[in-house]
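Asker: Based on what follows, work out the 3D shape:
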Amino acid sequence: MKRTEAARAGAEKLMRAEAAIDAALRETAELMGLLPTLRLETKLSAVLGQQAVANLGETLAHIVSARRTIIETHSALAVVRTQIGCGSLASGDMDKPGDPPRTGGLHAVPGGLAA
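Answerer: Numbering: from 1, shown residues only. Below is the predicted model of the structure:
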């Protein structure tokens with residue numbers, strides 16, 4: 001396997017891992033938001049389920065930590081990519097902070113038209 005192929009395969013797997021962590025964060029946060037709603041709708045005491053809510057809060061903290069470390073891993077692997085001589089790899093469709101917006105070659109012209 002060539003270095004560029006290895007770097008591309010690693011980048012694709014990394015992006016899937018990042019997406020999985022974001023999905024876990026979203027789903028867990030939605031569950032956290034749903035539990036008080038269900039409690040109120042069923043007119044149950046706030047005491048019921050408090051341990052579950054506390055556990056979810058801890059779970060969210062762990063997922064946020066995992067998100068931070070996978071982002072740090074992304075940066076560390078970018079260094080490795082440079083060290084093995086692969087330079088930049090175009091993989092995925094996520095814009096990075098500071099990237100110019102992608103327009104597919106279109107740009108605004110006077111009159112609100114695209115060219």
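Asker: which helices and strands sit right next to the helix or strand containing Glu72?
Answerer: Element membership for Glu72, per DSSP states H and E: helix 50-83. When contacts are defined as 3 or more Cβ pairs under 8 Å, 6 or more residues apart in numbering; DSSP states H and E, helix 50-83 packs onto helix 3-41. Where you see a C-beta, it was placed from the backbone N, CA and C, and this is true even at glycine.
Asker: now for the helix it packs on, which elements pack on it?
Answerer: The contact analysis (3+ Cβ pairs under 8 Å, 6+ apart) places helix 3-41 against helix 50-83.
Asker: Name the residues of the helix it packs on that are buried.
Answerer: Leu56, Thr59, Leu60, Ile63, Ala78, Arg81 (16 or more other Cβ atoms under 10 Å).
Asker: next one: stretch 26-45
Answerer: Thr28, Arg39.
Asker: how much distance is there from that stretch to the middle of the chain?
Answerer: 24 Å (Cα atoms, centre = their mean, to the nearest Å).
Asker: Then stretch 38-50?
Answerer: Here the centre of stretch 38-50 is set off from its chain's centre by 32 Å, with Cα atoms, centre = their mean.
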